[in-house]
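*Asks:* got a predicted structure plus its sequence, pasted below:
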Amino acid sequence: MMLFFSSHFSFVSPLLATKHLRKRKKKLASSTTTQTAAEQDCVSCKIIGTGSLFGIGCYIIFATRPVGYYATRPVTRQIIRSLSAVPFYASVARWMSNTDLTIFVMGVSGCGKSTIGSSLASRLNRTFKDGDTFHPPENIEKMRSGIPLTDEDRLPWLQVINAFARSNPGCVIACSALKKLYRSVLSENLPPTTEGNTGGGGMFVLLNLKREVLQKRVESRPGHFMPSILLDSQLATLEMPVSNEPNVIIIDADHSETHVVDSIIAQLNL
Ligand SMILES: Nc1ncnc2c1ncn2[C@@H]1O[C@H](COP(=O)(O)OP(=O)(O)OP(=O)(O)O)[C@@H](O)[C@H]1O
Ligand SMILES: O=C(O)[C@H](O)[C@@H](O)[C@H](O)[C@H](O)CO
């Protein structure tokens, strides 16, 4: 009975998937992502995808019941049945893969969050979101006029980013996340990812650079709202992660874009 229903689900699921993806595309149409909604792997996508694979496996078994044509060809039946194991295993692999891990690329102004974050997202075939796009205009104006943001300015902004991360599992987000408190707000209610980590989930990748390199990079992008005079305050605010923050890794960002992305992928075991 279950075999029968599962196999029929494999025919219905493309319709469900199309409807679901159309809905997601609409929802994300207004956001600045580097990938389309269709490329995202949310929980519903996983359920539909797993159901399809499982259904195909069931269908093959169902179609190779020991009657008629196949009853007289046991070897053919065995081969076809063995092939049905592939979609079964693939459906399990979908859940095992770590595509739900939210990755926050963090650090002070000019360390390369946007550049590395979007490059990392393309390499992993994930959605990228620049946290700066969530700043209210008052925050941007403050920074533009050389005034550092306060905790009060940043907290509501961090909460919005956290809400985005929760509703878009597996995305890569560029966000300064300078203090430990900010990181805990960002990771609130995300699936826990590190053993012994009592806080929220997600992984933070801190791009580490010397002040001289930061200064050069910030000054080499005219037209950006962030003036280089805010660099000292950014560095003073940055709380380097210590041992009680196991969900933060530090990457030496004084290398080429490709090298930095490779190091992140290797360190996070992705
Ligand atoms: N690995 C790299 N090597 C050389 N230049 C880089 C590298 N990564 C980024 N850059 C350059 O450094 C400048 C700052 O990078 P980017 O805008 O990505 O930093 P950011 O941390 O997002 O900054 P902000 O938070 O202030 O927007 C850009 O001009 C970018 O092209
Ligand atoms: O927490 C902060 O102070 C801000 O997020 C800054 O880091 C800027 O948004 C960013 O650096 C853009 O230049």
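*Replies:* Sure, I can see it. Numbers count the residues shown, from 1 in each chain. Ligands and ions are numbered 1, 2, ... in the order given.
*Asks:* could you tell me the end-to-end distance of stretch 216-231?
*Replies:* From its first residue to its last, stretch 216-231 covers 11 Å (C-alpha to C-alpha, to the nearest Å).
*Asks:* same deal with stretch 203-221?
*Replies:* First-to-last residue span, stretch 203-221, C-alpha to C-alpha: 28 Å.
*Asks:* which positions in that stretch come out as buried?
*Replies:* 203, 204, 205, 206, 207, 209, 214, 217, 218 (16 or more other C-beta atoms under 10 Å). The way it works is simple: take the backbone N, C-alpha and C, and place the C-beta from them, glycine included.
*Asks:* same question, stretch 173-192
*Replies:* 173-178, 182-188, 190.
*Asks:* circling back: so which of the buried residues of stretch 203-221 sit within strands?
*Replies:* 203, 204, 205, 206, 207 (DSSP state E).
*Asks:* what's the closest non-adjacent residue to the fourth one?
*Replies:* In space, not counting the residues next to it along the chain, residue 206 is nearest to residue 250; the distance is 4.8 Å by C-beta to C-beta, 6 or more residues apart in numbering.
*Asks:* can you check the pLDDT for the closest residue in space to residue 144 that isn't next to it in sequence?
*Replies:* In this structure, residue 144 finds its nearest non-sequential neighbour in residue 225, 4.5 Å apart by C-beta to C-beta, 6+ apart. Looking at residue 225, its pLDDT stands at 87.
*Asks:* wait, residue 225 touches residue 146, no?
*Replies:* No: contact criterion C-beta atoms under 8 Å: residue 225 and residue 146 do not qualify, at 10.6 Å.
*Asks:* around ligand 2, which positions in the stretch 101-250 of the chain sit nearby?
*Replies:* Residues of the stretch 101-250 of the chain lying close to ligand 2 (C-beta under 6 Å from any ligand atom) are 109, 132, 149, 154, 176, 178, 226.
*Asks:* neighbours around the residue nearest to residue 144, how many?
*Replies:* For residue 225, the count of nearby residues is 13 (other C-beta atoms under 10 Å).
*Asks:* how about it, phi and psi?
*Replies:* As for residue 225, its main-chain torsions (degrees, to the nearest 10) stand at phi -70, psi -20.
*Asks:* which residues touch it?
*Replies:* Residues in contact with residue 225 (C-beta atoms under 8 Å, 6 or more residues apart in numbering) are 140, 143, 144.
*Asks:* give me the neighbour count for residue 227.
*Replies:* Neighbours around residue 227, by other C-beta under 10 Å: 14.
*Asks:* thinking again about what came up before, the residues of the stretch 101-250 of the chain next to ligand 2 also near ligand 1: which ones?
*Replies:* Applying C-beta under 6 Å from any ligand atom to those, those adjacent to ligand 1 are 109, 132, 226.
*Asks:* so what pLDDT did the residue of the stretch 1-150 of the chain found nearest ligand 2 get?
*Replies:* Closest approach between the stretch 1-150 of the chain and ligand 2, counting by C-beta to the nearest ligand atom: residue 109, at 3.3 Å. Looking at residue 109, its pLDDT reads 96.
*Asks:* just say helix, strand or coil for it.
*Replies:* coil (DSSP: H, G, I helix; E, B strand; the rest coil).
*Asks:* surely it and residue 230 touch.
*Replies:* Yes: the criterion here is C-beta under 8 Å, and residue 109 meets it with residue 230 at 6.4 Å.
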